[in-house]
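> Here is my input, please return the structure:
(2 chains)
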Amino acid sequence: MDVLEIFRDGFLAMIGPVTAAYAISAISLNLQFGYTGLLNFGQVSFMLAGAYGTAITVDLGGSLWLGIVVGILTAVLLGLLLGLPTLRLRADYLAITTIAVAEVLRLVVRSSWAEPLTNGVFGIQGFASSFFDLNPFTGGATYGIGSWLVTGRRLWVMIVGWALVALVLLLTRRLIRSPWGRVLKAVREDEDAARSLGKDVFGYKLQSLMIGGAIGGLSGILLAVEQQNVTPDAYLPNVTFILYVIVILGGAGTIVGPLLGALAFQFLFFTFDAVMASSQANIGVVGDILSPAQAGQLKMVLVGVGLMVLMIYRPQGLLGDPNEVTLDAR
Amino acid sequence: MPDERTDRLSGVAAVPGVSKPDSVLAIDSLRRSFGGLDAVNVDHLEIQRHTVTSLIGPNGAGKTTLFNVLSGFDKPDEGKWHLNGGALIGISAHLVARRGMVRTFQLTRSLARLTVIENLLVANQNNPGETLGGALVGRWQGAEDEAKGRARVLLDRFELVHMADEFAGSLSGGQRKLLEVARALMVDPEVIMLDEPMAGVNPVLTQSLLGHITGLRDEGKTVIFIEHDMDVVQEISDWVVVLAQGEVIAEGPPREIARNAAVIDAYLGSQHGEAAS
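Model prediction:
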């Protein structure tokens, strides 16, 4: 077992396109949950809307670029439909509705009824070729130094993915630091107080949900393009909860927190993965006790312990202000 | 001068529902019931412009419910009310505030994880950066700087300027009361409704808050406030409205209200009994 090798595997996984997609989705959730106080428990449904909007458009003969626009608009529309009936009610109603809608959407695209469009459980593949046609690197070749290598295909998605992360971060930073962002925070702190000061709370919550939806849709598109694949069962509710872990780990209500959270989470996840796989294979005692499958399960336990330790010592997240946690809510 | 103000109300008879020479807020047959109980049932009530009008009454008299209805936070079963002649029924709370009538809350609602000055800046109206488009591409720095200037002046006046960059959640209870009043003023309302602004505030701070309230009136604002302490009411009110079981049972200048037998018997009995003994 080589420590450097394990670190390398963790690091290369951490900087991969999946982390970029998770970071974007976490930034979107942070806008809704961290800044506006919206309990969106169906973040994965925005990713599904974006991914399926894109894949179906291409499948029906549209270009990928049109598909991306359709995907983002689908996610925005989903935000509007989720928000209109729920955002005038207490916070819990949005939570219940979003978690239910996310599952319903997944089951609908999975159903045989929707098969003509979505191809049911098999999903849609190979819709992102025009994206890879633009790849300036040789897809099959590897790039890097020594044994720290990535394929040309992966490198291309990584560059685009992290550029999108930077773009989305700049966009949310501009929004959050504006008076508009300040109103969002006021809504998070106390809706009635914001209302008494002349702020249209419903309108701000709806805007936050829809912009968050657009960004969430974008992250879903990035993931789908990277894998050239959409299947319904990639959009299980646990994706939403991993995103919550990322947001809270990085520091909810901070601008860079979700990015840091995504990096930290993915690093922890893949490092423990490499540690467990390598110990199981190479250390006799461990190999005797654990089967490869059990080693994988133990990895999740270790990830959980790692997250708990982080939360015990930094309850405000990696970037949060420790003073905020100790504040009296009212 | 205070005398000029009271003069304008001096010819007004102290009977419930009397009309005032220059009313800013007029309420007509307003009723809000919870189940079988009429929490508010006001036939007619006018509030004189540029005065401090106190709203008193025992617990459960409907004072806060009246505030909630007037400010758009609650809907009445029937009735109407006008601010400067404009009907306010069916108008949502944030639009009532924009029309120039701002309320505070009995339990303070500070925006805890915003700084003190941000609490005030949120209350600023018509900042172009508060719309989504404005935030993305607009120029709002000018409006923001102007608002910061106004906020500093208000914070200075309420002796909170040294706390400007602290989280509002770190303020003491009394300071939060001050912050809430300052924040309401930042909206630049014509009518300000204060729901027990002195509750839980120490005597020294109470005195300075009272000074602020009379100061507001002298600046040309209309103050309606709910208060339980009769000494405070006597000291600063130009007019007192007594509410009981949702109805206006008496209104008039503070001295006359203090002499009103019905009011003394039913609502101020214990306090005045103590004072007399």
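> For the rest of this, base every contact and every neighbour count on C-alpha atoms.
Will do.
> doesn't A:G34 make contact with A:P258?
No. In this structure, A:P258 is not within contact of A:G34 by Cα atoms under 8 Å, at 9.8 Å.
> The two: which is more packed in?
A:P258 (36 against 24; other Cα atoms under 10 Å in any protein chain shown).
> Could you report the separation of that one from B:E190?
43 Å (Cα to Cα, to the nearest Å).
> Spell out which residues are contacts of both of A:P258 and A:G34.
A:247, A:252 (Cα atoms under 8 Å, 6 or more residues apart in numbering or on different chains).
> List the buried residues for stretch B:254-262?
B:254, B:257-258, B:260 (16 or more other Cα atoms under 10 Å in any protein chain shown).
> so where does A:I312 fall, helix or strand?
helix A:292-313 (DSSP states H and E).
> Same question for B:M193.
strand B:191-195.
> Can you confirm whether that strand lies near chain A?
No. Using Cα under 8 Å from any Cα of the partner chain, strand B:191-195 never reaches chain A; the gap is at least 10.8 Å.
> show me where the stretch 1-150 of chain B has strands.
B:23-34, B:37-48, B:52-56, B:78-83, B:86-87, B:101-103 (DSSP state E, counting those that start in this stretch).
> which residues are contacting the last one?
Here strand B:101-103 makes contact (Cα under 8 Å, 6+ apart) with A:196-197, B:67, B:71, B:96-97, B:184, B:187, B:189-195.
> Report the buried members of these.
Looks like these have A:196-197, B:67, B:71, B:96-97, B:184, B:187, B:189-195 buried, using 16+ other Cα under 10 Å.
> tell me the two of these that are most distant?
B:F67 and B:V187 (17.6 Å; Cα to Cα).
> Provide the secondary structure category for the closest residue to chain A within the stretch 151-277 of chain B.
In the stretch 151-277 of chain B, no residue comes nearer to chain A than B:G169, which is 5.5 Å away by Cα to the nearest Cα. The three-state label given to B:G169 by DSSP: H, G, I helix; E, B strand; the rest coil is helix.
> Model confidence for it, exactly?
Looking at B:G169, its pLDDT reads 91.
> Not counting its neighbours along the chain, what's nearest it?
Leaving out its chain neighbours, the residue that sits closest to B:G169 by Cα to Cα, 6 or more residues apart in numbering or on different chains is B:A112, at 3.9 Å.
> Could you double-check that that neighbour sits in contact with B:S172?
No. If you go by Cα under 8 Å, B:A112 and B:S172 don't touch, sitting 11.5 Å apart.
> what about these two, which has more around it?
B:A112 (25 against 11).
> how about the helix or strand hosting B:L216 as CSV, C-alpha atoms only?
Following DSSP H and E, one finds B:L216 within helix B:203-218. The C-alpha atoms that make up helix B:203-218 are tabulated as CSV, following Å, rounded to 0.1, in the frame of the first residue of the first chain:
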residue,chain,number,x,y,z
PRO,B,203,-35.5,53.1,32.2
VAL,B,204,-32.6,55.1,30.8
LEU,B,205,-33.1,53.7,27.3
THR,B,206,-36.9,54.2,27.7
GLN,B,207,-36.4,57.9,28.3
SER,B,208,-34.2,58.2,25.2
LEU,B,209,-36.7,56.2,23.1
LEU,B,210,-39.5,58.5,24.3
GLY,B,211,-37.4,61.4,23.2
HIS,B,212,-37.0,59.8,19.8
ILE,B,213,-40.8,59.2,19.5
THR,B,214,-41.7,62.8,20.3
GLY,B,215,-38.9,63.9,18.0
LEU,B,216,-40.5,61.9,15.2
ARG,B,217,-43.7,63.7,15.7
ASP,B,218,-42.0,67.1,15.6
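> Give me the below-cutoff pLDDT ranges for the stretch 1-150 of chain B.
B:1-7 (pLDDT under 70).
> could you redo the last one with a cut-off of 80?
B:1-11, B:13-14 (pLDDT under 80).
> same deal with the stretch 151-277 of chain B?
B:200-201, B:260-277.
> who in it is up against chain A?
Residues of the stretch 151-277 of chain B lying near chain A (Cα under 8 Å from any Cα): B:169-170, B:184, B:187.
> What is the most widely separated pair among the residues you listed?
B:S170 and B:V187, at 23.0 Å, using Cα to Cα across those.
> so what's the residue positioned nearest the centre of chain B up against?
Residue closest to the mean C-alpha point of chain B, counted by Cα atoms, centre = their mean, is B:M193 at 1.4 Å. Shown in contact with B:M193 (Cα under 8 Å, 6+ apart): B:67, B:101-104, B:223-225.
> ok, and the most crowded of those?
B:V102 (31 neighbours).
> Tell me the bridge partners for that residue.
B:I192 (DSSP bridges).
> Check the gap between it and B:V52 for me.
B:V102 is 15 Å from B:V52, by Cα to Cα.
> same check, this time on A:L73
Distance from A:L73 to B:V52, by Cα to Cα: 53 Å.
> Next: A:V69.
58 Å.
> More neighbours: the two, which one.
Neighbour count, other Cα under 10 Å: between A:V69 and B:V52, B:V52 has more, with 26 against 17.
> so which of the strands of the stretch 1-150 of chain B comes closest to A:F265?
So among those, strand B:101-103 is nearest, using Cα to Cα, at 45.3 Å.
> Helices - which of the buried residues of stretch B:254-262 land there?
B:254, B:257-258 (DSSP state H).
> Flag every residue of the stretch 51-200 of chain A that's near chain B.
A:174-175, A:178-183, A:185-186, A:189-190, A:193-200.
> Narrow those to those in helices?
A:174-175, A:179-183, A:185-186, A:189, A:193-196.
> Would you write a ChimeraX line that selects the buried entries of these?
Here is the ChimeraX command that selects the buried residues among those (16+ other Cα under 10 Å):
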select /A:174,175,179,180,181,182,183,185,186,189,193,194,195,196
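> Next, format the ones in helices among the residues of the stretch 51-200 of chain A next to chain B as TSV and append pLDDT.
Shown next, in TSV, are these (pLDDT from 0 to 100):
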residue	pLDDT
A:R174	95
A:L175	96
A:P179	96
A:W180	97
A:G181	96
A:R182	96
A:V183	97
A:K185	96
A:A186	96
A:E189	95
A:A193	95
A:A194	96
A:R195	95
A:S196	95
